[in-house]
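Enquirer: turn this into a structure:
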Amino acid sequence: MSSCTATNITEVHATIQEDHEVNECLKQLMMSLLRAYRFSPIIPDLGFQIHYLRLTTAILRHEKSRKYLLNSVLYPSDITIVCD
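Expert: Here you go, the predicted structure:
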């Protein structure tokens, strides 16, 4: 059985979409995950928060997505983040 990860899904998007489409999709996805994390109900095991953080870190493991998100979405455009 093959595994389906956020990195694999990001690679598929990069293959079938133009860069600006992928970037907009990533931007909307990241903003949705951050919003869901912030407004999810607090339960004793923090299950929802852990789930959203795991999804976010899985997306950020993909190098091209990480660079785009860090430089264009998660930080203001007047701050430059160097991603090696």
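Enquirer: let me see the mean pLDDT of the helix ranked longest in the chain.
Expert: Scanning the chain for the helix with the most residues, using DSSP state H, yields helix 19-39. The average of the pLDDT scores along helix 19-39 is 85.
Enquirer: one more: stretch 50-66?
Expert: 87.
Enquirer: quick revisit: after the longest helix of the chain, next one along is what?
Expert: Tracing the chain C-terminally past helix 19-39 and defining elements by DSSP states H and E, one meets helix 47-60 next.
Enquirer: what angle do the helix or strand containing Leu69 and helix 47-60 make?
Expert: Assigned by DSSP H and E, Leu69 falls within helix 63-72. Compare the direction of helix 63-72 with that of helix 47-60 by axes from the mean of the first three to the mean of the last three CA atoms, to 10 degrees and you get 110 degrees.
Enquirer: how about helix 63-72 as PDB, C-alpha atoms only?
Expert: Taking C-alpha atoms only, helix 63-72 is exported to PDB below (Å, rounded to 0.1, in the frame of the first residue of the first chain):
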ATOM      1  CA  GLU A  63      11.300  22.500   0.100                       C
ATOM      2  CA  LYS A  64       9.700  24.600  -2.700                       C
ATOM      3  CA  SER A  65       6.500  25.100  -0.700                       C
ATOM      4  CA  ARG A  66       8.400  26.000   2.400                       C
ATOM      5  CA  LYS A  67      10.400  28.600   0.600                       C
ATOM      6  CA  TYR A  68       7.300  30.100  -1.000                       C
ATOM      7  CA  LEU A  69       5.300  30.100   2.300                       C
ATOM      8  CA  LEU A  70       8.100  31.500   4.400                       C
ATOM      9  CA  ASN A  71       9.000  34.300   2.000                       C
ATOM     10  CA  SER A  72       5.500  35.300   0.800                       C
END
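Enquirer: show me what counts as buried in that helix.
Expert: 65-66, 68-70 (16 or more other CB atoms under 10 Å). Backbone N, C-alpha and C define where each C-beta goes, glycine included.
Enquirer: for Arg35, state which of those is nearest.
Expert: Leu69 (14.9 Å; CB to CB).
Enquirer: OK, contacts around the closest one?
Expert: Taking CB atoms under 8 Å, 6 or more residues apart in numbering, we find Leu69 in contact with 26-27, 30, 59-60.
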